[in-house]
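Q: This is a predicted model, with the sequence first.
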Amino acid sequence: MLTDPDRVQGAAKAAALGADVVVLDDAFQHRAAARVADVTLVSADQWPRRWRLLPSGPAREPLRALERATVVVVTRKAATREAAEGVARAVRAAAPHVPVAIAHLAPGALRDAAGIERPLASIAPVAPLAITSIADPRAFLAQLAQHGIAARLVAFADHHDFSEADVTRLARDAALAGLAVCTLKDHVKLAPLWPRGGPPLMYVTQRVDVESGAEAVQAALAAVLDARTPPTQPAPGAESHGQRPSPAD
C-alpha cells in the first residue's frame, strides 16, 4: 500500500515493487493516470437533492462526467434499496451508455484486534460508544440502529489522526458504556493506542453484496486482470545449481 499525491509516480513505485495491478482510490479526476477500468462509486446515503458543483456543493464535476466511467456502482449502507434504485436511474439518465450496478455495504460481525468475533446483534442491550473518523458517520450510526443498537456517537473529522489524549478520553467514555465500536478504518489507528485492560474495542466487519449489475462489475475486473503484463521469463542460467523455478516464480 502506497501513498503519493502524484498518482502516476505512485503507480510506477508499485510496479517497481512487483505489483501487476494498481488500484487507485479516489482517482476519477486524476486524468494523467491511464487506466484500464474506471469503477466509480456513487453513494445513495449521501445523494444530494440537487447536484451542486464546488464551491456551492460537494461535487467536483457535473453528473454527466460519469460517461467516462467503465461502470458506476451505486453503494448503499443505511439507504434503502428503493433509494439506491432512484440514484441508479439518475445516473443512467446522465450517462446512458455506462452500465450501473448496486452494491449493499452490509455490516457483518464484530471483531477485535485478536480476531475474536461476536454477532453484531449481541450488543444491542449494551448501548456502546461508537467512534468514527469517516466521511459519513451518520450512515454508520444508522446501520447500528437498524440492528437495534442505540449507540452514542463520537464523530471526528474524516481521516482524524487520533492522539493519546483522544484515546484516553474515548477509553474512559467507553468504560462507562462497557464497549466501544468503530469501523475498520478507525480500528487500525485506535487499536495500537488503546489501553491494555481497557474496555473492549471492536470494529464492525463489512461485506459487499452486489444486488444488481454484477456482470458489469465482473467484466471490469476481468478486463484489468487480462491486461496484466505476463511474468518475465527466467533468464538463461536461472535453473543452475539444480534449482528449478517454482510455480510461484
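A: On my side now, so go ahead.

Q: If we ignore the residues flanking it in sequence, what's nearest the residue most central in space within the chain?
A: With distances taken as CA atoms, centre = their mean, Lys185 lies nearest the centre of the chain, 8.4 Å away. Once flanking residues are discounted, Lys185 sits nearest to Ile134: 6.0 Å by CB to CB, 6 or more residues apart in numbering. The C-beta positions use only the backbone N, C-alpha and C, and glycine is treated the same way.

Q: Off-centre distance for the helix or strand where the residue nearest to the centre of the chain lies?
A: Assigned by DSSP states H and E, Lys185 belongs to helix 184-190. Centroid separation for helix 184-190 versus its chain: 13 Å, with CA atoms, centre = their mean, to the nearest Å.

Q: Which strands or helices does the helix or strand following it pack on?
A: Heading C-terminal from helix 184-190, the first helix or strand you meet, by DSSP H and E, is strand 201-212. Counting contacts by 3 or more CB pairs under 8 Å, 6 or more residues apart in numbering; DSSP states H and E, strand 201-212 packs against helix 81-94, strand 100-111, helix 137-146, strand 180-182, helix 184-190.

Q: go again using 6 Å as the cut-off
A: Packing contacts for strand 201-212, counted by 3 or more CB pairs under 6 Å, 6 or more residues apart in numbering; DSSP states H and E, involve strand 100-111, strand 180-182.

Q: Which elements pack onto the shortest one?
A: Helices and strands touching strand 180-182, by 3+ CB pairs under 6 Å, 6+ apart, are strand 129-132, strand 201-212.

Q: Now tell me what touches the last one from outside.
A: Under the contact criterion CB atoms under 6 Å, 6 or more residues apart in numbering, strand 201-212 has outside partners 102-112, 180-184, 187, 194.

Q: Please apply the same query to stretch 176-185.
A: Val126, Pro128, Leu129, Ala130, Ile131, Ile134, Ala174, Pro200, Leu201, Met202, Tyr203.

Q: ok, how many other residues are close to the closest residue to the second one other than its chain neighbours?
A: When you say that, I think you mean Pro128. On the basis of CB to CB, 6+ apart, the spatially nearest residue to Pro128 that is not a chain neighbour turns out to be Leu179, at 4.1 Å. When neighbours are defined as other CB atoms under 10 Å, Leu179 has 19 of them.

Q: Against Pro200, how distant is Leu179?
A: Distance, Leu179 to Pro200, by CB to CB, to the nearest Å: 5 Å.

Q: got it, and Ala175?
A: Ala175 is 10 Å from Pro200, by CB to CB.
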